[in-house]
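Return a 3D structure for these sequence lines:
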Amino acid sequence: MPSATLSRRPCPRHCSDLLLLLFASQSRDEIGFSPRIVGGQQVHNSDTAFKNLKAKSPLTPTNTMPNRTVFFISDGTGITAETFGNAILAQFETKSRHVRLPFIDSVDKAHQAVRQINHAGVVDGAKPIVFTTLVNMEVLKVITEGCQGMLLDMFGTFVHPLETELKLKSNHRIGRFSDASKSKEYQSRIEAINFSLAHDDGQSNRDLSQSDVILIGVSRSGKTPTSLYLAMQYGLKASNYPLIPEDFERQHLPPALKDHKGKIFGLTIQPERLSEIRNERRPNSKYASIENCRMEVREAESMMKLAGIRWLSTTTKSIEEIATTILQEIHPERLAY
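Purely as a prediction, here's the structure:
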């Protein structure tokens with residue numbers, strides 16, 4: 001069978017490349033969205049209904065918002081404020097400049113932050129948007145009284161009502177990762193990341209039984225960034241195996257995976273998109289040719305279908321969407337559902 005030569009030798013990738021690839025698809029709007037495809041079948045989701053509802057809404061935006069600066073302020077790392085804020089901002093068509101101000105844990109730092117926020121408002125000619133997860137009330141007071149932006153205090157919005165409802169006082173601990181290095185969950189996450197890196201691209205069959213998830217698919221179909229995301233976000237030990245010409249000739253899954261079928265999930269991709277990605281890596285090669293990509297995708301999908309492996313197309317999916325679908329289908333024992 002004619003095909004490009006491909007082996008399971010470790011690729012000379014750098015961690016920075018992997019992390020850039022991992023977080024390059026934060027917004028679903030940057031990549032697009034299509035009906036979920038599992039086992040080759042399209043499964044309609046709520047996106048169609050959302051689009052129909054959006055089309056009928058009188059508030060549907062026709063123009064992007066004016067440029068303005070968005071600040072994420074925290075007395076910890078600022079990750080919570082930024083994640084929550086970005087989730088809200090994703091509902092709007094805006095190209096705002098984002099500034100994270102972490103470790104604002106003193107009154108002096110708070111005053112410096114206020115000056116920076118107000119200066120941005122003058123330069124932009126528009127109120128900055130400020131997301132905060134400040135726990136220290138003295139620091140929050142400085143921001144609240146001095147800030148000339150639109151302030152969105154997430155702890156004030158959610159924690160205080162919960163205190164009233166639960167009749168409990170929150171511990172007001174600074175930073176959700178303040179004691180992370182001592183926690184079992186943190187250590188498990190570090191172990192999962194190391195495991196996933198060691199089992200990338202079929203580098204090792206050792207301890208494969210410890211995998212929570214095993215991803216398979218043709219080269220450059222999204223296995224590595226998805227594996228790392230599952231490890232970093234959920235603490236799952238994710239292995240991944242490329243399907244190569246030798247597998248297509250045998251018309252069977254790699255022998256090392258035979259005893260782990262329940263943990264396997266397949267990733268596929270449209271040949272045209274695969275060719276684009278591979279051409280960035282090896283321009284004008286047989287490996288990247290559209291004919292070879294079509295052959296590999298066709299053979300891989302046929303093999304997964306024959307083996308009864310669940311799979312989806314990553315062509316228009318973000319890493320978050322791919323990971324969520326995998327968790328819904330695999331249900332790893334490590335996670336509670």
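
three-state assignment of Ser239?
Three-state secondary structure (criterion: DSSP: H, G, I helix; E, B strand; the rest coil) places Ser239 in strand.

what's across from it in the sheet?
The bridge-partner assignment for Ser239, based on DSSP bridges, gives Ile214.

ok, it - contacts?
For Ser239, the residues meeting the contact criterion (C-beta atoms under 8 Å, 6 or more residues apart in numbering) are Phe195, Ser196, His199, Asp200, Leu208, Ser211, Val213, Ile214, Leu215, Ser227. The way it works is simple: take the backbone N, C-alpha and C, and place the C-beta from them, glycine included.

how close does it get to Gln148?
Relative to Gln148, Ser239 is positioned 51 Å away (criterion: C-beta to C-beta, to the nearest Å).

tell me the secondary structure for Gly266?
At Gly266, secondary structure determined by three-state DSSP is strand.

For it, give me its contacts.
Under the criterion of C-beta under 8 Å, 6+ apart, the neighbours of Gly266 are Leu215, Ile216, Gly217, Ala300, Met304, Ile309, Arg310, Trp311, Leu312.

what's the answer for Ser209, then?
Applying C-beta under 8 Å, 6+ apart as the definition, the contact partners of Ser209 turn out to be Asp259, His260.

the strands in this protein, which residues?
Defined through DSSP state E, the strands belonging to the chain, from first to last, are 36-38, 41-43, 69-74, 97-101, 129-133, 150-153, 213-217, 238-242, 264-268, 311-313.

May I ask which two of the contacts of Gly266 are separated the most?
Pairwise distances across these (C-beta to C-beta) peak at 13.6 Å, for the pair Ala300 and Arg310.

Between the two, which is the more surrounded one?
Set side by side, Ala300 and Arg310 give different neighbour counts by other C-beta atoms under 10 Å, the larger being at Ala300 (25 against 15).

Could you chop the chain up by domain?
Domain segmentation of the chain under automatic domain parsing yields 15-46+182-330, 65-166.

With mean pLDDT as added columns, please give those domains in JSON lines.
Supplementary listing: the domains of the chain in JSON lines, determined by pLDDT from 0 to 100:
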{"stretch": "domain 15-46+182-330", "mean pLDDT": "84"}
{"stretch": "domain 65-166", "mean pLDDT": "91"}
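
count of residues packed around the nearest residue in space to His260 that is not next to it in sequence?
Distance criterion C-beta to C-beta, 6 or more residues apart in numbering; nearest residue to His260, sequence neighbours excluded, is Ile214 at 5.7 Å. For Ile214, the neighbour count with other C-beta under 10 Å is 25.

go on, Ala126?
Ala126 has 17 neighbouring residues, counting by other C-beta under 10 Å.

Is it correct that it is in contact with Arg68?
Yes: assessed by C-beta atoms under 8 Å, Ala126 is found in contact with Arg68 at 4.1 Å.

Distance of Arg298 relative to Asp153?
Computed with C-beta to C-beta, the distance linking Arg298 and Asp153 is 54 Å.

out of the two, which sits in the more crowded spot?
Under the neighbour definition other C-beta under 10 Å, Arg298 and Asp153 were set side by side, and Asp153 has more, 19 against 13.

Run through the residues that contact that one.
Taking C-beta under 8 Å, 6+ apart, we find Asp153 in contact with Thr132, Leu134, Leu140, Thr144.

same thing but 7 Å
With contacts defined as C-beta atoms under 7 Å, 6 or more residues apart in numbering, Asp153 is in contact with Thr132, Leu140.

Bridged to it, which residues?
Applying DSSP bridges to Asp153, the residues it is bridged with are Thr132.

can you tell me how far it sits from Gly85?
Distance, Asp153 to Gly85, by C-beta to C-beta: 12 Å.

Pull up the per-residue confidence for Lys54.
At Lys54 the predicted local distance difference test score is 42.

export the strands of the chain to CSV and tack on distance to Val159?
Written out in CSV, the entries for those read as follows (distance: least, C-beta to C-beta, whole Å):
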stretch, distance to Val159
strand 36-38, 35
strand 41-43, 37
strand 69-74, 14
strand 97-101, 20
strand 129-133, 10
strand 150-153, 9
strand 213-217, 34
strand 238-242, 33
strand 264-268, 37
strand 311-313, 37
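
who wins for proximity to Leu327 among those strands?
With distances scored as C-beta to C-beta, the stretch of the strands of the chain nearest to Leu327 is strand 213-217 (8.4 Å).

Run the chain-centre distance for that closest one.
Offset of strand 213-217 from its chain centre (C-alpha atoms, centre = their mean, to the nearest Å): 17 Å.

Check which helices and strands that strand sits against.
Using 3 or more C-beta pairs under 7 Å, 6 or more residues apart in numbering; DSSP states H and E, the elements in contact with strand 213-217 are helix 223-234, strand 238-242, strand 264-268.

Out of the ones you listed, indicate the one that is most buried.
Of all these, strand 238-242 has the most neighbours on average by mean count of other C-beta atoms under 10 Å, namely a mean of 27.
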